[in-house]
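S.K.: let me see the structure of the following:
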Amino acid sequence: MSSIIPQPSEVVKLDLSAGSVHTVLVDGQPHVVLKPAVEELGLDYSTQLAKLRKRSWAVVGQSPATGSDGKTYEMKVVPVRTFLMLLATVNENRVAEQARPILIAFQNETADAVEAYWTQGGAINERATDEQLDALQAQIEERRIRRALGLVQLIAAMDDSVDPRWKKSRQLHHYAEASGEIAEIAPEDRALLVETYLKDRDLSPLECRSVRSTFGRRIALAYEIEHGQKPKTSVGLVDGRERSVKSYTEADRPLFDKIWAEFYADRYPAQQQLGGAA
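M.R.: Here you go, the predicted model:
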């Protein structure tokens with residue numbers, strides 16, 4: 001358990017699904033005045049304070065706060081994070097009967113929020129204010145930009161076995177993503193993957209899996225014959241996962257069409273007319 005040295009500040013009301021608690025701002029952050037909040041649940045204050053002092057996640061400090069008599073006292077305060085963790089770990093059968101339904105509702109809502117955090121990347125409180133939603137949107141945008149710029153750096157660090165045309169096009173794409181623009185990539189530099197080409201032919205997922213291995217080998221051999229060198233590699237989605245794949249661009253589409261017409265057109269006549277899809 002760590003300690004804090006708060007500066008006195010105004011009292012602020014914080015609304016939770018488990019009711020409202022009064023907080024004081026400490027260095028600009030709301031801290032719950034522990035004793036009245038705990039006693040309102042029918043719990044013993046000393047017991048809960050002792051429990052918090054044994055928890056690594058708990059932070060307990062002191063701050064001037066107004067008592068029920070209107071006088072100012074130095075009272076134990078905890079950050080909202082610590083108070084919420086305390087509520088989540090309280091045994092519902094040990095709180096006052098009138099507070100039990102509220103506590104159970106809070107614990108269920110907390111469990112839902114935690115599940116959404118781990119499985120969906122986050123949760124939005126339905127009681128969030130416009131100001132809070134705007135702040136969340138700003139955080140999401142900042143993370144999106146950092147991710148895009150991180151991908152630019154990651155791609156730049158790839159070795160020479162990776163197709164430089166693919167590296168350039170992906171860097172342009174992620175630069176544009178970071179700036180909120182659309183990347184201007186020349187058609188001949190746009191990536192063309194075997195997986196994408198087969199989907200353009202309107203093959204089902206099962207048909208794609210059946211064809212792509214032999215189709216990919218034939219494309220690679222034809223490319224080597226035509227260019228005098230093996231195709232370089234890039235990163236592409238295969239069955240929803242990023243994998244190292246042979247690198248081609250839209251400039252190679254005629255080669256793809258040639259292999260398709262020679263080996264697969266008769267087997268998949270219904271997909272013949274879709275080969276020109278971009």
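S.K.: please make it C-alpha for all contacts and neighbour counts, starting now.
M.R.: Will do.
S.K.: wait, A148 sits on G180?
M.R.: No - the pair A148 / G180 is not scored as a contact, 10.5 Å apart, by Cα atoms under 8 Å.
S.K.: between these two, which one's more packed in?
M.R.: Using other Cα atoms under 10 Å, the more surrounded residue of A148 and G180 is A148, with 19 against 11.
S.K.: what sits against the more buried one?
M.R.: A148 sits next to H174, Y175, E177, A178 when contact means Cα atoms under 8 Å, 6 or more residues apart in numbering.
S.K.: separation between A111 and P205?
M.R.: Going from A111 to P205 by Cα to Cα, to the nearest Å gives 37 Å.
S.K.: list the helices and strands the helix or strand where K199 lies packs on?
M.R.: Element membership for K199 (DSSP states H and E) is helix 194-200. If you count contacts as 3 or more Cα pairs under 8 Å, 6 or more residues apart in numbering; DSSP states H and E, helix 194-200 packs onto helix 205-227.
S.K.: buried residues in the helix it packs on, which are they?
M.R.: Going by neighbour count (16 or more other Cα atoms under 10 Å), the buried part of helix 205-227 is C208, V211, F215, G216, R218, I219, A220, L221, A222, Y223.
S.K.: dump the helix or strand that comes right after that helix to PDB, keeping only the CA atoms.
M.R.: Where DSSP H and E defines the elements, the next helix or strand beyond helix 205-227 is strand 233-238. In PDB, the C-alpha atoms belonging to strand 233-238 read as follows (Å, rounded to 0.1, in the frame of the first residue of the first chain):
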ATOM      1  CA  THR A 233       7.900 -11.300 -49.400                       C
ATOM      2  CA  SER A 234       5.400  -9.100 -47.600                       C
ATOM      3  CA  VAL A 235       2.800  -9.500 -44.900                       C
ATOM      4  CA  GLY A 236      -0.800 -10.300 -45.700                       C
ATOM      5  CA  LEU A 237      -4.000 -11.600 -44.100                       C
ATOM      6  CA  VAL A 238      -4.600 -15.300 -44.700                       C
END
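S.K.: got the buried residues for strand 233-238?
M.R.: Buried residues in strand 233-238 (16+ other Cα under 10 Å): T233, S234, V235, G236.
S.K.: gap between L192 and L203?
M.R.: Distance of L192 to L203, computed by Cα to Cα: 16 Å.
S.K.: have a look at the two and say which one is more surrounded.
M.R.: Taking neighbours as other Cα under 10 Å, L192 and L203 compare with L192 leading, 21 against 18.
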